[in-house]
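S.K.: okay, structure incoming, though there's no sequence with it:
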């Protein structure tokens, strides 16, 4: 049966941290001789990673694989302190594209550990963000992934008056709330951030999806299988009562026959999924009665480019002006290409990168 209508969640797709990281890596590709290196995947999305690979970016899981003097980006998920220190050795030019919200959690973990707290960290074992956060204070942090993990975590607490609880930013609210309540009942004096660590973009996307999942016969969640917030979205849709939920990387994975007699299909995208993929999925669904946008809030958060690029690009502008006989001082004072960065959309930047067919 043909799809009658698509309910499109808003917000969806790239969050402010992903926007910042993608634009920053695109600038690095332009500014440095290839290859540019990136420690871990820049974001957890196959299309994004493949697009940058086509530009000559080499993704590594060990800083030792980055040659001396090379340009290297540290991914949006955050890196362990020893990784950051190692990256800055041997004359490498390091751009740290860590999301500011992850930096906030790192700071909270460091401060609480210094004050003698046992830090219970709710996150997914092996996820890049969790690995980087735990490494900030490994002697003080205990990973909690499931309710069953709490008993062992509680026995590791030395002082019941000094317990803190932090979260991986990309968790679903349900993954955090139950563990938080259970731990607080055990340790009434437990400390946690006044404004919880869950990413506002993750929370907003879950709220928008909850709205459309109630009215949709099926829901399509766009994003990669290693994306924590994408998997959380799929669970949110099921918890909202939608029985048909499909997580796909892109339109090639969309099985229209599997939708059966689903007339109304909800569509959303994880925080690292490009808008061009959303457009392609909707085109394949080809809803007879068009698309209805379901908006729960507006997002206007903006994270500026990493400091290392803000310092570098005006200098490169000045050098380029000098080469063509221009005024290097004026070029530098214009602030470099980042003067309009707020108005540059990362999805368009990504789409404009030349591909194999160009």
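M.R.: Great, that's in hand. The structure presented is a predicted model; accordingly, all values stated were derived computationally and were not measured.
S.K.: wait, a helix at residue 44?
M.R.: No: judged by DSSP: H, G, I helix; E, B strand; the rest coil, residue 44 forms no part of a helix; its state is coil.
S.K.: looking at it, it is touching residue 228, isn't it?
M.R.: Yes: contact status for residue 44 versus residue 228: in contact at 7.3 Å, counting by Cβ atoms under 8 Å. In short, each C-beta sits where N, CA and C put it, glycine included.
S.K.: these two - which one has more neighbours?
M.R.: Looking at residue 44 and residue 228 with other Cβ atoms under 10 Å, you find the greater number of neighbours at residue 44, namely 29 against 26.
S.K.: dump the residue contacts of the more buried one.
M.R.: Contacts here follow Cβ atoms under 8 Å, 6 or more residues apart in numbering; on that basis residue 44 touches 77, 128, 223-224, 226-228, 230, 272.
S.K.: the protein: helices as residue ranges?
M.R.: With DSSP state H applied, the chain shows helices at 16-31, 46-54, 81-87, 100-114, 128-134, 150-155, 173-186, 200-213, 228-239, 275-285, 307-323, 328-333, 346-352, listed in chain order.
S.K.: between the ones you listed, which one is nearest to residue 5?
M.R.: Among the helices of the chain, helix 275-285 comes nearest to residue 5, with 9.5 Å by Cβ to Cβ.
S.K.: pLDDT score assigned to residue 67?
M.R.: At residue 67, the pLDDT value in this model is 97.
S.K.: cool, residue 236 as well?
M.R.: pLDDT recorded at residue 236 is 93.
S.K.: how close does the nearest residue to it once chain neighbours are set aside sit to residue 327?
M.R.: Nearest residue to residue 236 in three dimensions, chain neighbours excluded: residue 206, at 4.8 Å (Cβ to Cβ, 6 or more residues apart in numbering). Applying Cβ to Cβ, to the nearest Å, the value for residue 206 to residue 327 is 50 Å.
S.K.: which one of the two has more residues nearby?
M.R.: Using other Cβ under 10 Å, the more surrounded residue of residue 206 and residue 327 is residue 206, with 24 against 11.
S.K.: pretty sure that one sits against residue 171.
M.R.: No: contact status for residue 206 versus residue 171: not in contact, 10.0 Å apart, counting by Cβ under 8 Å.
S.K.: what sits in contact with each of these two?
M.R.: Among the neighbours of residue 206, those also in contact with residue 171 (Cβ under 8 Å, 6+ apart) are residue 232.
S.K.: phi, psi of the nearest residue to residue 263 once chain neighbours are set aside?
M.R.: Using Cβ to Cβ, 6+ apart and skipping residues adjacent in sequence, the residue nearest residue 263 is residue 4, 4.3 Å away. Residue 4 has phi and psi values of phi -90, psi -40 when expressed as degrees, to the nearest 10.
S.K.: got any ranges where the protein has weak pLDDT?
M.R.: 1, 316-324, 326, 328, 331-339, 355-358 (pLDDT under 70).
S.K.: ok, 80 please
M.R.: Counting by pLDDT under 80, the low-confidence segments of the chain come to 1, 311, 313-340, 354-358.
S.K.: follow-up on the earlier one: going by distance to residue 236, which of the contacts of residue 44 wins?
M.R.: Nearest to residue 236, judged by Cβ to Cβ, of the contacts of residue 44 is residue 230 at 10.6 Å.
S.K.: I'd assumed residue 220 was in contact with that closest one.
M.R.: No: shown here, residue 230 and residue 220 do not form a contact pair, counting by Cβ under 8 Å, at 11.5 Å.
S.K.: spit out the contact partners of residue 41.
M.R.: Shown here is residue 41, whose contacts under the criterion Cβ under 8 Å, 6+ apart are 49, 59, 75, 128, 226.
S.K.: can I get the residues you listed in TSV including distance to residue 16 and neighbour count?
M.R.: Output for the contacts of residue 41, formatted as TSV (distance: Cβ to Cβ, whole Å; neighbours: other Cβ atoms under 10 Å):
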residue	distance to residue 16	neighbour count
49	20	19
59	22	16
75	15	24
128	18	24
226	21	15
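S.K.: for those, give me JSON lines that also has distance to residue 183.
M.R.: JSON lines is the format used below for the contacts of residue 41 (distance: Cβ to Cβ, whole Å):
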{"residue": "49", "distance to residue 183": "35"}
{"residue": "59", "distance to residue 183": "36"}
{"residue": "75", "distance to residue 183": "29"}
{"residue": "128", "distance to residue 183": "24"}
{"residue": "226", "distance to residue 183": "27"}
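S.K.: of these, closest to residue 315?
M.R.: Relative to residue 315, the closest of the contacts of residue 41 is residue 75; by Cβ to Cβ it sits at 24.6 Å.
S.K.: now that closest one, nearest residue through space, not along the chain?
M.R.: Counting by Cβ to Cβ, 6+ apart, residue 40 is the residue found nearest to residue 75 once chain neighbours are left out, at 4.5 Å.
S.K.: what number of residues lie near residue 249?
M.R.: Summarising burial for residue 249: neighbours were counted as other Cβ under 10 Å, giving 18.
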